[in-house]
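>>> Coordinates only, no sequence provided:
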């Protein structure tokens, strides 16, 4: 009988402890931390980006409606030029809400940005960061207050595309970094996009990195805000593979979501809506054509007088057949030049190389 009573007491103690723990969790999540709760992956990604960009080494965050699999893959969503989530721990869980510890690792770009913006010394052991800084400082010194955000963006885009070649250097891991892109001169999409982001941040142009898919393969590019409107920019795909041309092309320079989505895909809920058209490269340069006769007249004048090795134009969908098989074909036969045609949703980009 005494054993039975002791057993009942033991069970009661356990139940009380669990009840207290439950009450503590409920109080923590619903009263103490209610106004600090991050709802969903979109909000969490923005907080993590802010943490990394500000140089935090760790943070404690209450998140709601974020699954374990989403937390485990957070670096695939939050692609930061300034670091990444090194480790995470779920410290307390209650229903659909978790109290999470996140630890961050800074990248080379962080030290470069702090040096350029605030003249903070780059630590002696950060030799790669110093090499990046030495590489880009001459370019950044060309930027002044009179330069528009569009001009700064174009300067950064062309610098990255000219400086980098798609591929891998001596250390394959460097291809995913700014160091690989700007110092070694070899990178894949991560290196291109992170380099572009660093330059834009140094120049004071608002931007974000995007992680998605290009032709159904994992891919990264940028979104840039010009005069209050967001645009997509893909430096990697603007790196021409035509050996005769040393000039960058601008097929994916300031493209809206509709046209970007023709061969790119991404979770649009996590990123900005890009609906602007005004600062698309071809609109700015008045090389958008709706009429074939206008193009033929303009092409001869611009192509023969320009100093660049390429002539770029955007042409409407219904003109593409005539352009690719008639007008340009005949021109190419006479002048022995190369050309490419890239399809987007609403138009084709035609590029002729000297």
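Structure received. Only a predicted model underlies this, so the values are computations on that prediction, with no experimental measurement involved. Numbering: from 1, shown residues only.

>>> what about the residue nearest in space to the middle of the chain, is that helix, strand or coil?
For the chain, the residue nearest the mean C-alpha position is residue 209 (2.1 Å; C-alpha atoms, centre = their mean). Taking DSSP: H, G, I helix; E, B strand; the rest coil as the rule, one finds residue 209 in the strand state.

>>> and what of the one 3 residues further on?
Remark: residue 212 carries the secondary structure label strand [criterion: three-state DSSP].

>>> For the stretch 151-300 of the chain, just list every one of the helices.
178, 189-203, 257-260, 281-284, 292-305 (DSSP state H, counting those that start in this stretch).

>>> any idea where the strands of the stretch 251-354 of the chain begin and end?
According to DSSP state E, counting those that start in this stretch, the stretch 251-354 of the chain carries its strands in the segments 253-255, 264-265, 288-289, 310-316, 338-343, 347-353.

>>> Please identify the buried residues of the fourth one?
In other words, strand 310-316. Buried residues in strand 310-316, counted by 16 or more other C-beta atoms under 10 Å: 310-315. All C-beta spots, glycine's among them, are computed from the backbone N, C-alpha and C.

>>> Just give me the neighbour total for residue 229.
17 (other C-beta atoms under 10 Å).

>>> hey, what's it bridged with?
Judged by DSSP bridges, the bridge partners of residue 229 are residue 226.

>>> Not counting its neighbours along the chain, what's nearest residue 239?
Spatially, and ignoring its direct neighbours in sequence, residue 239 is nearest to residue 161 (5.0 Å; C-beta to C-beta, 6 or more residues apart in numbering).

>>> where's that neighbour relative to residue 80, distance?
22 Å (C-beta to C-beta, to the nearest Å).

>>> now do residue 312
Residue 312 is 32 Å from residue 80, by C-beta to C-beta.

>>> picking that back up, what sits against the residue nearest to residue 239?
Residues in contact with residue 161, defined by C-beta atoms under 8 Å, 6 or more residues apart in numbering, are 192, 235, 238-240, 248.

>>> rewinding a little: for the strands of the stretch 251-354 of the chain, could you give me TSV that also reports mean pLDDT?
Shown next, in TSV, are the strands of the stretch 251-354 of the chain (pLDDT from 0 to 100):
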stretch	mean pLDDT
strand 253-255	98
strand 264-265	97
strand 288-289	87
strand 310-316	84
strand 338-343	82
strand 347-353	84
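
>>> can you list those in TSV and add distance to residue 197?
Formatted as TSV, these follow (distance: least, C-beta to C-beta, whole Å):
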stretch	distance to residue 197
strand 253-255	15
strand 264-265	17
strand 288-289	28
strand 310-316	24
strand 338-343	24
strand 347-353	24
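
>>> closest to residue 44 out of those strands?
strand 264-265 (21.4 Å; C-beta to C-beta).

>>> So what's the gap between that closest one and the chain middle?
In terms of C-alpha atoms, centre = their mean, to the nearest Å, the gap separating the centre of strand 264-265 from the centre of its chain is 13 Å.

>>> ok, residues contacting it?
212-214, 216, 219, 221, 232, 234.

>>> Parallel or antiparallel, list what pairs with it.
strand 207-214 (antiparallel).

>>> And the partner strand, what's buried?
Buried, per 16+ other C-beta under 10 Å, within strand 207-214: 207-212, 214.

>>> Which one of the helices of the stretch 151-300 of the chain lies nearest to residue 58?
Residue 58 lies closest, by C-beta to C-beta, to one member of the helices of the stretch 151-300 of the chain: helix 189-203, at 22.2 Å.

>>> Would you mark the buried spots in the closest one?
Buried, per 16+ other C-beta under 10 Å, within helix 189-203: 189-203.

>>> quick check, nearest of the residues you listed to residue 140?
residue 202 (5.5 Å).

>>> ok now do the closest one, which residues does it touch?
Contacts of residue 202 (C-beta under 8 Å, 6+ apart): 112-113, 116-117, 136, 140.

>>> Columns neighbour count and pLDDT on top of the residues you listed, output as CSV?
Conversion of the contacts of residue 202 to CSV gives the following (neighbours: other C-beta atoms under 10 Å; pLDDT from 0 to 100):
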residue, neighbour count, pLDDT
112, 31, 97
113, 22, 96
116, 18, 97
117, 11, 95
136, 22, 98
140, 16, 96
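
>>> Which two among those are spaced furthest apart?
Of all pairs in those, the most separated under C-beta to C-beta is 117 and 136 at 12.9 Å.

>>> which regions of the protein sit below the pLDDT cut-off?
By pLDDT under 70, the weakly predicted segments of the chain are 1-35, 240-246, 292, 300-307, 317-337, 354.

>>> at 80 what do you get?
Scanning the chain for pLDDT under 80 picks out 1-36, 79, 94-95, 240-247, 291-309, 316-339, 353-354.

>>> Can you list the neighbours in contact with the longest strand seen in it?
Criterion DSSP state E: the longest strand present in the chain is strand 83-94. Here strand 83-94 makes contact (C-beta under 8 Å, 6+ apart) with 25-26, 28-29, 48, 52, 60, 68, 71, 74-75, 78, 98-107, 110.

>>> Pretty sure residue 281 sits against residue 248.
No: taking C-beta atoms under 8 Å as the definition, residue 281 is not a contact partner of residue 248, at 10.5 Å.
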